[in-house]
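Asker: Okay, structure incoming, though there's no sequence with it:
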């Protein structure tokens, strides 16, 4: 497939999807949402880990307000028909998804990053729930992810005041995994992503399912789910390889099966 708003590269088990509208700080328009969703599904069949990042000086500035938003755009329809499939493609992916936030992440762009399983940001990056600045409330999953990641008090403050949160502060409060010096950023996230791409893919997928279910399951249901998923993993080639590597005192060579 030919892409016009993103770049897609896949090699050595890693799919890197780059938002590529730097002239508008990678703002999300309909074409980009469609291409991102397609690329995420494509990666399931080609890779063992996925990276989302941006080109230029921003990760994503959010909804492209020049894409009809101010003149009769039906926001409910756009959210249900375009954002929801995109966010579900990240959340429900059996592969680990890493957001490498290279710059500003605002509004829906911030929440696109937060949908990933792990977020690594350059120290100069910032996150902002900018919605109230234009008379809206957080969307693109923001009202679901933010309270779970930073608690209701911080989530409310971020949403009500729409202030920038620097990457180091975001890491300190648990909004993201880590903030990395700008000079080391790309080398670092690529090393992290390579680790995931060479890891036990089935175990990564199972732990995602378990963590997601654990947000709402009662303890008894969660323990049963853990037992079932762990039983499946115990019959996998990766588990056999992991044990053998441990006994032989060598790094494991996981196959993803």
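Answerer: Ah, there it is. Please read all numbers here as calculations on a predicted model, not as lab measurements.
Asker: Show me what counts as buried in the helix or strand hosting residue 228.
Answerer: According to DSSP states H and E, residue 228 maps onto helix 219-233. Within helix 219-233, the residues that count as buried by 16 or more other C-beta atoms under 10 Å are 222, 225, 226, 229, 233. All C-beta atoms are positioned from the backbone trio N, CA, C, and that covers glycine.
Asker: mind listing the strands in the stretch 1-150 of the chain by residue range?
Answerer: 6-11, 14-19, 49-54, 58-60, 97-101, 104-106, 118-122, 126-128 (DSSP state E, counting those that start in this stretch).
Asker: Out of these, flag the one nearest residue 75.
Answerer: strand 104-106 (16.8 Å; C-beta to C-beta).
Asker: Could you spell out the sheet neighbours of that closest one, each with its direction?
Answerer: strand 58-60 (parallel), strand 126-128 (parallel) (DSSP bridges).
Asker: Tabulate the strands of the stretch 1-150 of the chain (JSON lines), appending mean neighbour count, mean pLDDT and distance to residue 204.
Answerer: Shown next, in JSON lines, are the strands of the stretch 1-150 of the chain (neighbours: other C-beta atoms under 10 Å; pLDDT from 0 to 100; distance: least, C-beta to C-beta, whole Å):
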{"stretch": "strand 6-11", "mean neighbour count": "15", "mean pLDDT": "97", "distance to residue 204": "17"}
{"stretch": "strand 14-19", "mean neighbour count": "23", "mean pLDDT": "98", "distance to residue 204": "13"}
{"stretch": "strand 49-54", "mean neighbour count": "27", "mean pLDDT": "98", "distance to residue 204": "8"}
{"stretch": "strand 58-60", "mean neighbour count": "29", "mean pLDDT": "98", "distance to residue 204": "23"}
{"stretch": "strand 97-101", "mean neighbour count": "27", "mean pLDDT": "98", "distance to residue 204": "10"}
{"stretch": "strand 104-106", "mean neighbour count": "26", "mean pLDDT": "98", "distance to residue 204": "24"}
{"stretch": "strand 118-122", "mean neighbour count": "24", "mean pLDDT": "98", "distance to residue 204": "11"}
{"stretch": "strand 126-128", "mean neighbour count": "23", "mean pLDDT": "98", "distance to residue 204": "25"}
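Asker: thinking again about what came up before, columns distance to residue 118 and pLDDT on top of the buried residues of helix 219-233, output as TSV?
Answerer: Shown next, in TSV, are the buried residues of helix 219-233 (distance: C-beta to C-beta, whole Å; pLDDT from 0 to 100):
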residue	distance to residue 118	pLDDT
222	22	97
225	22	97
226	21	97
229	20	97
233	20	97
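Asker: just curious, which of the residues you listed is nearest to residue 192?
Answerer: residue 233 (22.4 Å).
Asker: Was I right to think the closest one contacts residue 242?
Answerer: No: assessed by C-beta atoms under 8 Å, residue 233 is found out of contact with residue 242, at 9.7 Å.
Asker: Spell out which residues are contacts of both of the two.
Answerer: Common contacts of residue 233 and residue 242, defined by C-beta atoms under 8 Å, 6 or more residues apart in numbering, comprise residue 200.
Asker: Identify each buried residue in stretch 125-138, please.
Answerer: 125, 126, 127, 128, 129, 130, 131, 138.
Asker: got the contact list for the fifth one?
Answerer: Contacts here follow C-beta under 8 Å, 6+ apart; on that basis residue 129 touches 107, 110, 138, 142, 146, 158, 159, 162.
Asker: quick one: which of the residues you listed sit in helices?
Answerer: 110, 142, 146, 158, 159 (DSSP state H).
Asker: All good on my end, thank you.
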